[in-house]
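Novice: Here is a sequence with its predicted model. Questions after.
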Amino acid sequence: MNLFNVYSLYDIEPVRGNGAYVYDENNRAILDFYGGHAVISIGHSHPHYVKTIQDQIAKLGFYSNSVKNPLQLELAAKLGELSGLDNYELFLVSSGAEANENALKLASFHTGRNRILAFDGAFHGRTSAAVNVTDNESIKAPINRNFPVTFLPLNDLAAAEAELAKGDVAAIIIEGVQGVHGIYVPEPDFLEALPDLCHAHGAVLILDEVQSGYGRTGKFFAFQHSNVQPDIISMAKGMGNGFPIGGVLIHPSFEAKSGMLGTTFGGSHLACAAGIAVLDVIKEEDLLNNATKMGTYLMEQMAATGLFTEIRGYGLMIGLQMTEPIGPLRKKLLFEQGVFTGSSKDPNTIRLLPPLNVTRAQCDVLIGAFREALG
């Protein structure tokens, strides 16, 4: 049997990882400033993470959500403490797309409406509703079309207000930082105006923090760089450091009804153990502060090189804009300098998404690699 070939693969096979490095089958070290789509939040093979998962799988890896699972409560308590959002309620799932799918469904249940406002350049996932609020026609099948969604220019408050005034909008969904699009940050004034605007017209504000959450930007969630209180927050990626887990944070004004949402694998014992370990490390190693410090250092040093036309982002979620497509440069960085970087929908933008415990010395390696690759 062959694989269904939908991925464009680099000719490289990581076989192990340690911290900010992965190693191929020839034991060649590769500095990982991509983190597998921002998934690796606390570094590869962190000892506390490994031990927590090993201990849990030796006891119980899975049982369904038809029984009590105290690990879910522990995860929720630690998440509330670190995020400062302990008044929200948590629904656990297995991926970012599933988190957004349930967020959109919950908004529709809550308002009795079905039209969604999303933004140009948005990426929210590939499942049925999530792909419809994603600004990429090439990944929408015929079965996905005719979904009631309106795409608006990012940061255009007048456009949002005009659509909300029509009275049929269930929700606005917006990323804390647009990751796939190339690290575009909503203007704080725009973001701060959305909750009141939504509520004035009976709509819900959903913050998609799947990529930008879990300390990636130096705040626990990217929207916390502004004075915003969303109704619903979706998250995943860095939540499990590679173990599939996602979640939806829901404001207590929403009514929970038995059976309205459900999942088989979400919130399993093993998934919760992984999520708890990640939160432990983020707290004990002060990784929010490290993300801020290393991100500031990286952006300052990258700006000083004069190699980029624009540098965007917060913390360790950085977009480097260039004047030409970055594909050849990424290959050169990987195969000649031994550094993994990320691409984006913008062919001229490189994404930097390293583990939150990356060091200054590792940042210097990256900077040197860019200098060498670009001559």
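Specialist: Yep, that arrived.
Novice: The protein: strands as residue ranges?
Specialist: 14-18, 21-24, 29-32, 89-93, 115-119, 149-152, 169-175, 204-208, 232-235, 246-250, 310-314, 317-321, 339-340, 349-352 (DSSP state E).
Novice: Relative to Pro328, tell me which of the ones you listed wins on proximity.
Specialist: Comparing the strands of the chain against Pro328 with C-beta to C-beta, the closest turns out to be strand 349-352 (11.6 Å). To be clear about C-beta, it is placed using only N, CA and C from the backbone, and glycine gets the same treatment.
Novice: that older thread, now the strands of the chain as CSV including distance to Asp189?
Specialist: Below are the strands of the chain laid out as CSV (distance: least, C-beta to C-beta, whole Å):
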stretch, distance to Asp189
strand 14-18, 41
strand 21-24, 40
strand 29-32, 35
strand 89-93, 29
strand 115-119, 16
strand 149-152, 16
strand 169-175, 14
strand 204-208, 15
strand 232-235, 20
strand 246-250, 24
strand 310-314, 16
strand 317-321, 20
strand 339-340, 36
strand 349-352, 24
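Novice: Next, format those strands as TSV and append mean neighbour count and distance to Phe190.
Specialist: Formatted as TSV, the strands of the chain follow (neighbours: other C-beta atoms under 10 Å; distance: least, C-beta to C-beta, whole Å):
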stretch	mean neighbour count	distance to Phe190
strand 14-18	14	38
strand 21-24	18	38
strand 29-32	20	33
strand 89-93	22	27
strand 115-119	23	10
strand 149-152	17	11
strand 169-175	27	9
strand 204-208	29	12
strand 232-235	28	18
strand 246-250	26	21
strand 310-314	20	15
strand 317-321	24	18
strand 339-340	24	33
strand 349-352	25	21
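Novice: tell me the pLDDT at the residue lying closest to Ile12 once chain neighbours are set aside?
Specialist: Using C-beta to C-beta, 6 or more residues apart in numbering and skipping residues adjacent in sequence, the residue nearest Ile12 is Asp24, 5.7 Å away. With respect to pLDDT, Asp24 scores 95.
Novice: for the one 3 residues further on, same thing?
Specialist: We have a pLDDT of 95 for Asn27.
Novice: what about it, how many neighbours?
Specialist: Neighbourhood size, Asn27 [other C-beta atoms under 10 Å]: 8.
Novice: For it, give its distance to Asn18.
Specialist: 12 Å (C-beta to C-beta, to the nearest Å).
Novice: Could you do Ile206 as well?
Specialist: Ile206 sits 37 Å away from Asn18, going by C-beta to C-beta.
Novice: Might one say that Ala369 is in contact with Val339?
Specialist: Yes: Ala369 lies in contact with Val339 (C-beta atoms under 8 Å); the separation is 4.5 Å.
Novice: Contact partners for Leu106?
Specialist: Taking C-beta atoms under 8 Å, 6 or more residues apart in numbering, we find Leu106 in contact with 232, 248, 250, 254, 260-261.
Novice: Ramachandran coordinates for Gly112?
Specialist: Backbone torsions for Gly112, taken as degrees, to the nearest 10, come to phi 70, psi 10.
Novice: What about it, how many residues nearby?
Specialist: Neighbour tally, Gly112, other C-beta under 10 Å: 8.
Novice: Give the burial count for Asn65, as a bare number.
Specialist: Using other C-beta under 10 Å, Asn65 has 15 neighbouring residues.
Novice: Check which helices and strands the longest helix seen in the chain is in contact with.
Specialist: When the chain is parsed with DSSP state H, its longest helix is helix 287-305. Judged by 3 or more C-beta pairs under 8 Å, 6 or more residues apart in numbering; DSSP states H and E, the packing partners of helix 287-305 are strand 310-314, strand 317-321, helix 360-373.
Novice: Give me the buried positions along it.
Specialist: Buried residues in helix 287-305, counted by 16 or more other C-beta atoms under 10 Å: 287-288, 290-295, 298-299, 302.
Novice: Now for the spatially closest residue to Gly61 that is not a sequence neighbour: which residues touch it?
Specialist: In this structure, Gly61 finds its nearest non-sequential neighbour in Leu270, 4.5 Å apart by C-beta to C-beta, 6+ apart. By C-beta under 8 Å, 6+ apart, the contact list for Leu270 reads 53, 56-57, 61-62, 243.
Novice: who's in contact with the longest helix of the chain?
Specialist: Contacts of helix 287-305 (C-beta under 8 Å, 6+ apart): 41-42, 215-220, 281-282, 308, 311, 313-318, 320, 352, 354, 356-360, 363-364, 366-367, 370-371.
Novice: chain center to that helix, what's the gap?
Specialist: Relative to its parent chain, helix 287-305 has a centroid offset of 19 Å by C-alpha atoms, centre = their mean, to the nearest Å.
Novice: related to what we said a few turns ago, which neighbours do Ala369 and Val339 share?
Specialist: Common neighbours of Ala369 and Val339 (C-beta under 8 Å, 6+ apart) are 31, 333.
Novice: domains for the protein, by residue range?
Specialist: The record, using automatic domain parsing to delimit domains, assigns the chain the ranges 26-46+286-327+337-373, 48-284.
Novice: and of those domains, who's closest to Pro14?
Specialist: Closest among the domains of the chain, once you apply C-beta to C-beta, is domain 26-46+286-327+337-373, at 7.2 Å.
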